[in-house]
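Here's my sequence, what's the structure:
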Amino acid sequence: MEEIQKIFKDLEDPRDNRGKRHLLMDIIVITVCGIICGCVDFDEIADYAKDKMEFFSEHLLLWNGLPKAKTYREVFKVINVSQFLECFLIWVKSVVAETIGRHIIIDGKAIRSATEKVVKGNVPYIVNAYLAGVGITIGQIKVGEKTNEIKAIPKILELVAVKGAIITIDAMVTQEEIMNEIISYEADFILPVKGNQENTYEGLKEYFEQEYLEENNVQVDRSQTTYNNEHGRIETRRSVISTEVEWFNDIKKWQHVKMIGMTINTREIAGVKSEQIKYYVSSKVLDADEFNAIVRNHWQIENNLHWTLDVVFKEDLSRGRKGNLMENFSLVRKFCLNIIKLDNRFGKMSIKRKMKKYDHDENSLKDLHFRVLPTMKKA
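Model prediction:
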């Protein structure tokens, strides 16, 4: 418990002292414990705290007993977003070694059920930065209702320590400004090229069709193929790279591109084959297997973060939108998910099974707080 209080010790309590009945740190600690043990909203957190009253009384002050669900909701509504995020970022930097050579994935996630009629159906978005390999969130930023994901990218690059990392983002941000922004932070990019860059897309398509698909010309540096045969499907992933980039028409726009790549993914299910070809630009020269791994790992953010937030933490059902509630509660979920993922006491046990173990085994929960969490350093 003390470790969580240390992490958020610099967080200011925005409430008026008059009528304040519960300590901010007590509220945060109970919320974190509740989410770690499977609670998905403040009503469940309040019920969980009642069931664990003896446990919390042993470790927290609880001046006036336990908070009600409304209290948790009101507190997270007014907590300063920037301060809360800063505490989170400082903690992340304490548990993550330098990002040099690492893969950071940036992608937006809709909080769909938070949409209200008053905003005419606009879906709130949180843009997340995810550290591939380690599997944890290292930053987030809310996308303004009257803006889009592209404008949030520079802000999250500024927040997150990206120096020396390789950044991957979806195709909609494959733009000159974003490339320049990434390079300005001494990081590299591998970005997909789709229809939003029509001329470049067609140029890459023509180049690889002529130099690889048809003639297998030696101008292509190297190809690499991986196979996967599981869940009743056979997948072949072929990656092709080339450092011949001088043919780009707009040299200024693509000045940071040092390598281009193509992936050919073939899938066979029940004898039916399908093929998908994608094209990429990269500011870093890699060999084909490195390129293949990074492109494939980009989907970790969907499979291991967004899916888990929706299916396990029920984020997609969250209706809290007023004040800072959506942003703060989204961040506390990711803080909890990071803790669970970094707890390596149980081998390859799933997130959901770990959460059940914390809930049913009080000693396991205590050990997480008093022994494991304080030693989560330099992942």
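
low pLDDT regions in this protein?
Along the chain, segments meeting pLDDT under 70 span 113-122, 145-147, 212-232, 249-251, 377-379.

can you give me the end-to-end distance of stretch 179-192?
Using Cα to Cα, to the nearest Å, the end-to-end distance of stretch 179-192 comes out at 12 Å.

And the contacts of it?
99, 104, 153-154, 157-158, 162-171, 173-174, 178, 256-257, 261, 278-284, 291, 294-295 (Cβ atoms under 8 Å, 6 or more residues apart in numbering). C-beta coordinates here come from the backbone N, C-alpha and C atoms, glycine included.

Recalculate using a threshold of 6 Å.
Contact with stretch 179-192 is made by 154, 157, 162-163, 165-168, 171, 174, 256, 278, 280-284, 294, as judged by Cβ atoms under 6 Å, 6 or more residues apart in numbering.

try stretch 30-37
Under Cβ under 6 Å, 6+ apart, the answer for stretch 30-37 is 4, 45, 48-49, 336, 358-359.

that older thread, from the contacts of stretch 179-192, which ones fall inside helices?
Counting by DSSP state H, the contacts of stretch 179-192 place 154, 157, 294 in helices.

Check the gap between the first one and Lys70 for me.
Yep, that's Pro154 we're talking about. 37 Å (Cβ to Cβ, to the nearest Å).

Quick check on the two: which one has the bigger neighbour count.
Comparing Pro154 with Lys70 by other Cβ atoms under 10 Å, the one with more neighbours is Pro154, at 17 against 11.

Please report phi then psi for the nearest residue to that one once chain neighbours are set aside.
Spatial nearest neighbour of Pro154, excluding adjacent residues (Cβ to Cβ, 6 or more residues apart in numbering): Glu181 at 5.0 Å. Main-chain dihedrals, Glu181, degrees, to the nearest 10: phi -60, psi -50.

And Glu181, how far from Ile36?
The gap separating Glu181 from Ile36 is 35 Å, by Cβ to Cβ.

What of Ile153?
Remark: distance between Ile153 and Ile36 (Cβ to Cβ) = 31 Å.

Look at Lys205 and tell me its secondary structure.
Classification of Lys205 using DSSP: H, G, I helix; E, B strand; the rest coil returns helix.

count of residues packed around it?
Other residues close to Lys205 by other Cβ under 10 Å number 15.

Quick check, Phe248 in contact with Gln255.
No: assessed by Cβ atoms under 6 Å, Phe248 is found out of contact with Gln255, at 9.0 Å.
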